[in-house]
Structure formats: C-alpha cells, structure tokens
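Engineer: coordinates only, no sequence provided:
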Ligand SMILES: Cc1cc2nc3c(=O)[nH]c(=O)nc-3n(C[C@H](O)[C@H](O)[C@H](O)COP(=O)(O)O)c2cc1C
C-alpha cells in the first residue's frame with residue numbers, strides 16, 4: 001500500500017492525548033497543508049481559529065455537549081465557513097455602487113453561499129487531519145460545535161457570515177491507549193451506486209446492519225428495551241438532546257443571515 005493510503009487507512013479518532021507538545025513547526029506544516037486544500041472558485045471560503053486560551057477550551061468542552069477531552073487537547077482548531085472576508089472585500093470594492101452603475105443584481109450572502117463555504121471548511125479540516133496523521137499526530141472532530149450558536153458567536157466574536165462548521169482536537173496519542181477500531185464501515189455496495197440513487201430494500205438493510213447487530217449484541221451496547229441498531233441509534237443520537245439543540249442552533253445561524 002502506498003504511504004498516503006496507509007495514512008488514510010491507519011487513522012483513528014484519537015481522544016486521549018500524551019503530554020508531548022505539538023511543535024510550532026508541526027503546526028505550521030499542518031496549517032500549510034490545510035491551505036493547499038481544494039477550494040470553491042479558489043476563494044478560500046473558510047477561516048481557522050486556533051483555540052489557545054485554556055478558559056476558552058474549558059468553556060467549549062462544556063458547550064460542545066460536555067466532552068472534557070476538548071479541554072485536554074494540546075491543540076484545538078475551529079473551522080468556520082466564512083463569507084465575511086469576501087463580503088467585507090466586496091464592500092471595500094464598492095460593489096453596491098458598481099452594481100448600480102452597471103445595472104447588476106446586488107444580493108447578500110445566502111444559505112447556498114454558506115453551504116459552499118462549509119464544503120471548503122470541511123475539506124480544509126480533513127486535509128489538516130491527514131497531514132497531522134502523517135506526522136503521527138492524532139485528531140478528533142467535534143461536530144457539537146454546531147450547537148449553541150449564539151454562545152459560540154459571542155465567545156468567538158463571529159460576524160454573521162462566519163459560522164462554525166467543525167472543531168478539531170489534535171495531540172499525540174498515548175501509545176498504550178491507541179484506539180482499536182471495533183466497528184467496521186458499511187460495505188461499499190450499500191454506499192456507492194452507479195448512475196442513480198438506489199433505495200435499499202428491506203433485505204439490503206438487514207444485511208447492511210448485520211455486522212453491527214452482532215457487535216452490539218456481543219458488546220452489550222443496547223439501550224434498555226432496544227431490539228436493534230436502528231432503535232438504539234434513533235434514541236441515542238437522532239432524538240437525543242444534542243441533536244435537538246443542533247437543529248435549533250443551525251436554524252438560528254441561518255436566521256441570523258440578513259435577508
Ligand atoms: C462531522 C463529525 C463530527 C464528529 N463529532 C464528534 C464528537 O463530537 N465527539 C467525538 O468524540 N467524536 C466525534 N466524531 C468522530 C466520530 O465519532 C468518528 O469519526 C467515528 O466514530 C469513526 O471512528 P474513526 O474516526 O476512529 O474511524 C465526529 C466525526 C465527524 C466526521
């Protein structure tokens with residue numbers, strides 16, 4: 001296997017970090033790699049905030065669904081979908097006047113623009129993950145940064161066209177505690193289709209989840225009364241408080257965009 005594929009295959013989310021610090025040369029390499037990511041229209045519609053202040057890390061470890069390892073991570077990066085920089089530059093370039101002069105349709109950034117910027121932010125984040133992994137540095141995404149929008153906006157001084165997409169924790173793994181992957185991924189046949197979307201039949205769904213059903217039974221991961229992975233997951237994730245909060249928060253983010 002070539003070294004790039006090896007890095008991709010060996011990566012695991014790392015949530016326990018050793019004392020070994022990440023050097024500024026390593027941080028620079030990871031950030032420079034992230035900046036080489038593909039980006040829509042070559043516009044770099046994202047920003048990265050290094051969370052250095054311990055108080056801020058502590059706070060985020062609470063506001064991101066109470067995950068204490070965030071506070072212990074040696075390096076934490078927040079990836080924002082960011083149209084603000086371009087929007088400010090448009091203003092700097094007197095874009096409204098230009099539109100009037102030329103009879104062009106002026107408009108404000110909208111949901112589609114922010115979704116495109118979110119693609120940019122996530123692609124940059126994943127490049128950082130792989131760059132770190134290639135240096136032996138582990139990482140873990142924190143999706144819960146999508147929650148508590150108003151709190152995060154105020155904590156981080158976010159303008160309206162810069163919204164949190166993901167938080168990444170980095171650190172050298174504790175060698176003895178390198179996570180073992182228990183759960184496999186779904187088989188390719190359920191995920192990759194040809195030419196058109198394929199709704200899975202009942203029988204496909206049963207086959208798709210068979211390995212997980214077996215694992216949950218073996219490990220005793222069931223919630224009380226849950227009879228299969230679907231019931232377990234729906235209760236544990238889909239209707240969990242964090243999911244409800246995430247949906248409220250993301251609506252607030254988009255409602256905050258000027259109409
Ligand atoms: C968008 C996204 C959000 C995630 N959020 C969290 C999180 O809040 N906390 C956490 O411990 N892991 C989080 N993860 C890590 C996943 O749990 C992990 O990737 C998954 O279980 C597969 O394990 P692996 O990364 O070791 O292959 C997140 C991953 C992604 C891609």
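Structural biologist: Received the coordinates, thanks. Just so you know, these numbers come straight off a predicted model, no measurement behind them. Numbering: from 1, shown residues only.
Engineer: mind listing the strands for the stretch 1-150 of the chain?
Structural biologist: 46-50, 75-82, 138-142 (DSSP state E, counting those that start in this stretch).
Engineer: out of those, indicate the one that is most buried.
Structural biologist: strand 75-82 (a mean of 24; mean count of other CB atoms under 10 Å). Placement of C-beta: from N, CA and C, glycine included.
Engineer: give the pairing partners of it; include direction for each.
Structural biologist: Using DSSP bridges, strand 75-82 pairs in its sheet with strand 46-50 (antiparallel), strand 162-171 (antiparallel).
Engineer: residue numbers of the stretch 101-250 of the chain in contact with the ligand?
Structural biologist: Within the stretch 101-250 of the chain, the positions near the ligand by CB under 6 Å from any ligand atom are 140, 141, 142, 143, 144, 166, 181.
Engineer: among those, which pair sits farthest apart?
Structural biologist: 144 and 181 (21.8 Å; CB to CB).
Engineer: who has more neighbours, these two?
Structural biologist: residue 144 (23 against 10; other CB atoms under 10 Å).
Engineer: OK, contacts around the more buried one?
Structural biologist: By CB atoms under 8 Å, 6 or more residues apart in numbering, the contact list for residue 144 reads 63, 64, 65, 67, 167, 242, 246.
Engineer: kindly recompute the last result at 7 Å.
Structural biologist: Each residue near residue 144 by CB atoms under 7 Å, 6 or more residues apart in numbering is listed here: 64, 65, 67, 242.
Engineer: low-confidence stretches in the stretch 151-259 of the chain?
Structural biologist: 178-183 (pLDDT under 70).
Engineer: of all the residues of the stretch 101-250 of the chain next to the ligand, which comes closest to residue 105?
Structural biologist: Out of these, the member with the shortest distance to residue 105 (by CB to CB) is residue 166, at 32.7 Å.
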